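Participant: Structure here, sequence nowhere to be found:
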């Protein structure tokens, strides 16, 4: 809910910027018309950018308390091919993944400074689920080597921009988290939670426990 609220607030800001742009562009008593027109178009472009940032924030969710971020269930669809069911809160989705092992990448948004003062809660976004074969030569032949779980529209990616710029503006702390490769098996179920040291995957049934035991 928090990130929905942030997205709505950012979208409202985009609307306000668009109104300013409209007032500049459609004011009949233009003074220095070219300058006003240029400024109006600049504000319009800024409004679009802010709206896309709002859409990007919409893809993040507040970290659940005392609950896993996601539960993954594996069903064999053939040799080294699996249907993976991801249960994230009340949202369930299915995808295909090839390989012997799986890896999950996620993004974290933490807050500092003003964000902490406002009581904003950390957020996350599941980014990508990847499969890997134990035999390297099989990897290039995989039909479903990875699945993108989320994306940012039109390349407007606030989290990535902050990471590349290495700037937090005394507000954001963008972090990358990963569950490193674990074995897939027919009927295996894992949960993924956030621990103080990062993402933690745990087997939830005997099939997953046996797969981990055999792999290690």
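Facilitator: Good, I have the coordinates. Please read these numbers as outputs of a predicted model, since none were measured by experiment. Residues are numbered from 1 along each chain as shown.

Participant: Enumerate every residue touching residue 173.
Facilitator: With contacts defined as Cβ atoms under 8 Å, 6 or more residues apart in numbering, the neighbours of residue 173 are 108, 109, 110, 111, 112. Bear in mind the C-beta positions are built from the backbone N, C-alpha and C, glycine included.

Participant: hmm, 7 Å instead?
Facilitator: By Cβ atoms under 7 Å, 6 or more residues apart in numbering, the residues touching residue 173 are 110, 111, 112.

Participant: Buried ones among those?
Facilitator: Neighbour counting by 16 or more other Cβ atoms under 10 Å classes 110, 111 among the contacts of residue 173 as buried.

Participant: Now render the contacts of residue 173 as JSON lines, adding distance to residue 120 and secondary structure.
Facilitator: JSON lines is the format used below for the contacts of residue 173 (distance: Cβ to Cβ, whole Å; DSSP: H, G, I helix; E, B strand; the rest coil):
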{"residue": "110", "distance to residue 120": "9", "secondary structure": "strand"}
{"residue": "111", "distance to residue 120": "5", "secondary structure": "strand"}
{"residue": "112", "distance to residue 120": "10", "secondary structure": "coil"}
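
Participant: For the spatially closest residue to residue 201 that is not a sequence neighbour, list each beta-bridge partner.
Facilitator: Leaving aside its sequence neighbours, residue 201 sits nearest to residue 179 (Cβ to Cβ, 6 or more residues apart in numbering; 4.6 Å). On the basis of DSSP bridges, residue 179 is bridged to residue 104.
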